[in-house]
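Chemist: okay, predicted coordinates and the sequence, questions at the end:
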Amino acid sequence: MSYGHRYTLVLVSLTKRCLQAEMPAEMRLQFLQHLDKMTDQWITPGVIAIIEPMDEKGLELSKEAEKLGYDGRPSALDVYAEKFDVFAALNPSLQRAYDAAFAKYEKRV
């Protein structure tokens with residue numbers, strides 16, 4: 001699974017965390033559309049469904065990573081990918097989703 005897939009799984013968890021908050025329907029729709037855009041041949045809607053919202057500790061880590069910004073290197077996305085195992089330890093659904101996506105990858109290779 002690629003670098004980008006690992007950070008995408010973390011972003012799905014973070015997006016689902018955001019969706020737990022009260023927000024206008026239009027904004028909620030934008031978050032849901034964002035989730036839809038994260039799909040590809042490996043990260044399917046079924047894989048996304050496995051992922052649970054990020055918890056408080058994961059949110060604290062993501063806020064620290066966000067201080068790096070999203071442009072350039074290193075960025076928050078680098079932290080999400082390189083520390084995927086840390087995020088997955090806090091949210092085991094990330095590892096389950098990764099395993100489900102990777103199983104599809106192994107079948108196609």
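Modeler: That came through, no problem. Keep in mind it's a predicted model, so treat the numbers as computed, not measured.
Chemist: any weak-confidence spans in this structure?
Modeler: Applying pLDDT under 70 to the chain flags residues 1, 104-109.
Chemist: make it 50
Modeler: The chain contains no residues with pLDDT under 50.
Chemist: do a quick rundown of the helices in it.
Modeler: Assigned by DSSP state H, the chain shows helices spanning 3-18, 25-37, 45-50, 56-66, 76-82, 84-90, 92-108.
Chemist: any chance of those helices in TSV, plus mean neighbour count?
Modeler: To be clear about C-beta, it is placed using only N, CA and C from the backbone, and glycine gets the same treatment. Listed next are these as TSV, based on neighbours: other C-beta atoms under 10 Å:
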stretch	mean neighbour count
helix 3-18	21
helix 25-37	11
helix 45-50	16
helix 56-66	15
helix 76-82	20
helix 84-90	18
helix 92-108	15
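Chemist: quick one: contacts for Val79?
Modeler: The neighbours of Val79, taking C-beta atoms under 8 Å, 6 or more residues apart in numbering as the test, are Leu61, Glu64, Ala65, Leu68.
Chemist: ok, now Pro45?
Modeler: For Pro45, the contact set (C-beta under 8 Å, 6+ apart) comprises Thr39.
Chemist: from Ser75, how far out is it?
Modeler: Distance of Pro45 to Ser75, computed by C-beta to C-beta, to the nearest Å: 27 Å.
Chemist: repeat that for Leu14.
Modeler: Going from Leu14 to Ser75 by C-beta to C-beta gives 14 Å.
Chemist: of the contacts of Val79, which is the nearest to His34?
Modeler: Using C-beta to C-beta, Ala65 is the member of those that lies nearest His34, at 18.0 Å.
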